[in-house]
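# Quick check, what structure comes out for this input:
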Amino acid sequence: MFERILVAVDGSEGSKKALRVASKLQQTCGGELLLLTVFRHHSLLEASMSMVRPDDPESLDDSMRNYAREVAEEAKAIAAECGAEKVRAFVKAGQPARTIVKFGEEHKADLIIVGSRGQGDMQGFLLGSVSHKVTSLAAMPVMVV
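Okay, the predicted model is just below:
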């Protein structure tokens with residue numbers, strides 16, 4: 001039924017719940033589980049004004065990318081604990097909803113699964129949640145958990 005299931009993970013409890021649902025669905029359907037963590041790219045101006053690790057010379061983008069890798073690896077471990085097989089994790093920079101949908105299209109995902117609430121709750125309240133944007137942009141089915 002679903003050969004490629006894309007799960008957007010951001011480390012939040014909502015995304016972990018979505019991941020657990022996706023892992024069980026993948027066991028039923030077979031196929032591949034694609035985990036995607038998206039971090040927002042910061043301009044040089046934003047990075048220069050950042051208070052993140054002022055004694056660390058690493059750029060803000062590098063810090064965000066490293067954190068996203070940690071989130072992706074944790075998600076991969078959770079999927080394995082849930083019994084999922086054929087799991088691959090990816091990290092991308094960009095605007096979350098558009099990046100998730102574009103990645104799904106590029107990897108021919110049959111289904112996108114996202115948590116209903118993630119790390120960006122305040123921004124979601126003001127601008128519309130990532131899950132809402134993904135459902136409006138995606139041509140493939142989207143499951144919001």
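
# and stretch 63-75, C-alpha only, in CSV?
Once non-C-alpha atoms are left out, stretch 63-75 reads as follows in CSV (Å, rounded to 0.1, in the frame of the first residue of the first chain):
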residue,chain,number,x,y,z
SER,A,63,24.8,24.5,15.5
MET,A,64,21.3,24.0,14.0
ARG,A,65,22.5,21.3,11.6
ASN,A,66,24.3,19.4,14.4
TYR,A,67,21.2,19.6,16.6
ALA,A,68,19.0,18.4,13.6
ARG,A,69,21.4,15.5,13.1
GLU,A,70,21.0,14.5,16.8
VAL,A,71,17.2,14.7,16.4
ALA,A,72,17.4,12.5,13.3
GLU,A,73,19.6,9.9,15.0
GLU,A,74,17.3,9.8,18.0
ALA,A,75,14.3,9.4,15.7
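
# Let me see the mean pLDDT of it.
Averaging pLDDT along stretch 63-75 gives 94.

# mind checking how far that stretch is from the chain centre?
Remark: stretch 63-75 is offset 10 Å from the chain centroid, using Cα atoms, centre = their mean, to the nearest Å.

# The top helix by length along the chain: which residues count as buried?
Longest helix in the chain by number of residues (criterion: DSSP state H): helix 60-81. Going by neighbour count (16 or more other Cβ atoms under 10 Å), the buried part of helix 60-81 is 60-61, 63-65, 68, 71-72, 74-76, 78-79. C-beta coordinates here come from the backbone N, C-alpha and C atoms, glycine included.

# Thanks a lot, catch you later.
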